[in-house]
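*Asks:* Following is a predicted model, sequence given first.
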Amino acid sequence: MKNKFTVTISDVHGSRHFLLHQLIKKFLLYFTLFVALSILIGSFVILFLMKEVSSLEAKKESAVAERNELLVQNEELQAKISEKAQEYENIRDKISNMEEMMGLRVNDDENIDTRLEEIDVTVMQQKTFFDNIPSGDVMAYSDISSKFGWRENPVLKRKEFHTGLDLRAPIGTPILAPADGVVKFTQYNQNSGYGNVVSLDHNYGFESYYAHLQNKTVVKEGQFVKKGDLIAYSGNSGMSTGPHLHYEIKFIGRILDPEPFVHWRGSNFVEIFKKEKRVTWESLIKLINAQYPLPKQL
């Protein structure tokens, strides 16, 4: 018979005897329960942490996707801002060019709306001038064969004052009204040597005269015409050495040099006020300025 080991534990209540294998069994049981409980709790903790990690990963992916989307939107916005900034600079450049062409004082510090309003007023003011006073080309021509002023008459071979501008062009070249007006007369002028002629009365006391025309009726006396309307065709009638148009401009009967009026554009708008002194521009400017204020330097 095998000996069994016993363990005696004494306290105030007395002594108790335990078999060694019983203690080992209890210890193993409690240890096993402790390990199982730890594993169970650890499993729950691990599952909870894994769930939290998955949630955090999903949130991270969502945040990264949102960040990338915001970056794309930011790049698009930056591109649009750059595009609009370039458009704005282009507009400022165009406004500056228009101001320079119109003879306005360029001030980049002024508000764009103010500058545009000033240009708009100036355009309207210029239109009033150009619609009512002969301006620009009246026909397509190759060159100026004879200018305004003293010259030797190519037919009579004597020195005399040339009262207009001779524009060389083929017979049948269309001639357009340089301003709004009314046809004063159309006739064949035998005595002056001008041949077929047309005369237009314009506003503000201006008159235009066209000579050596083709014998082809386009307008009639008393007919109203607008700037750019066809009024005649160039020819070689009367006393002429070759096909051309003799073009004259008058102001209240005063003969003017047509060349500054032919070259009158928005880009050199104010120059004619200095070049042509026989027109009372000051009173005319005051009249038009009542409707559309002119640039200060005028």
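*Replies:* Received it, and whenever you're ready, just let me know what you need.

*Asks:* from here on, contacts and neighbour counts on C-alpha atoms
*Replies:* Fine.

*Asks:* In the stretch 51-200 of the chain, what residue spans correspond to strands?
*Replies:* Under the criterion DSSP state E, counting those that start in this stretch, the stretch 51-200 of the chain contains strands at 143-146, 149-152, 159-162, 165-168, 174-176, 181-189, 195-202.

*Asks:* Take the ones you listed and lay them out in TSV including mean neighbour count and distance to Asp257.
*Replies:* Shown next, in TSV, are these (neighbours: other Cα atoms under 10 Å; distance: least, Cα to Cα, whole Å):
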stretch	mean neighbour count	distance to Asp257
strand 143-146	14	12
strand 149-152	12	8
strand 159-162	13	10
strand 165-168	22	8
strand 174-176	19	19
strand 181-189	19	19
strand 195-202	24	16
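
*Asks:* Format those strands as CSV; extra columns: distance to Gln214.
*Replies:* CSV is the format used below for the strands of the stretch 51-200 of the chain (distance: least, Cα to Cα, whole Å):
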stretch, distance to Gln214
strand 143-146, 18
strand 149-152, 25
strand 159-162, 21
strand 165-168, 14
strand 174-176, 10
strand 181-189, 10
strand 195-202, 7
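
*Asks:* Out of those, which gets the lowest mean score?
*Replies:* Among the strands of the stretch 51-200 of the chain, strand 149-152 has the lowest mean pLDDT, at a mean of 84.

*Asks:* Now do that one: which elements does it pack against?
*Replies:* Counting contacts by 3 or more Cα pairs under 8 Å, 6 or more residues apart in numbering; DSSP states H and E, strand 149-152 is packed against strand 159-162.

*Asks:* Partner strands of the strand it packs on and their direction?
*Replies:* Its sheet considered, strand 159-162 pairs with strand 149-152 (antiparallel) by DSSP bridges.

*Asks:* I'd assumed Gly172 was in contact with Tyr141.
*Replies:* No - the pair Tyr141 / Gly172 is not scored as a contact, 11.6 Å apart, by Cα atoms under 8 Å.

*Asks:* So which residues make contact with stretch 53-67?
*Replies:* By Cα atoms under 8 Å, 6 or more residues apart in numbering, no surrounding residue is in contact with stretch 53-67.

*Asks:* chain center to that stretch: distance?
*Replies:* How far stretch 53-67 lies from its chain's middle: 47 Å, per Cα atoms, centre = their mean, to the nearest Å.

*Asks:* what's the answer for stretch 218-234, then?
*Replies:* Taking Cα atoms, centre = their mean, one finds the center of stretch 218-234 at 35 Å from the center of the full chain.

*Asks:* Identify the residues contacting it?
*Replies:* 131, 169-186, 198, 212-214, 216-217, 243-245.

*Asks:* how does it look with 7 Å?
*Replies:* 131, 171-186, 212-214, 244-245 (Cα atoms under 7 Å, 6 or more residues apart in numbering).

*Asks:* of the strands of the stretch 51-200 of the chain, which approaches Pro258 most closely?
*Replies:* Of all those, it is strand 165-168 that lies closest to Pro258, at 6.3 Å by Cα to Cα.

*Asks:* tally of neighbours for the closest residue to Phe273 other than its chain neighbours?
*Replies:* Leaving aside its sequence neighbours, Phe273 sits nearest to Trp281 (Cα to Cα, 6 or more residues apart in numbering; 6.5 Å). Neighbourhood size, Trp281 [other Cα atoms under 10 Å]: 15.

*Asks:* Would you mind giving both backbone torsions of Trp281?
*Replies:* Torsion angles at Trp281 (phi, psi; degrees, to the nearest 10) stand at phi -60, psi -40.

*Asks:* swap in Arg278?
*Replies:* Per degrees, to the nearest 10, the backbone of Arg278 is at phi -80, psi 0.

*Asks:* quick one: what helix or strand has Glu207 in it?
*Replies:* Using DSSP states H and E, Glu207 sits in strand 206-213.

*Asks:* chain center to that strand, what's the gap?
*Replies:* 38 Å.
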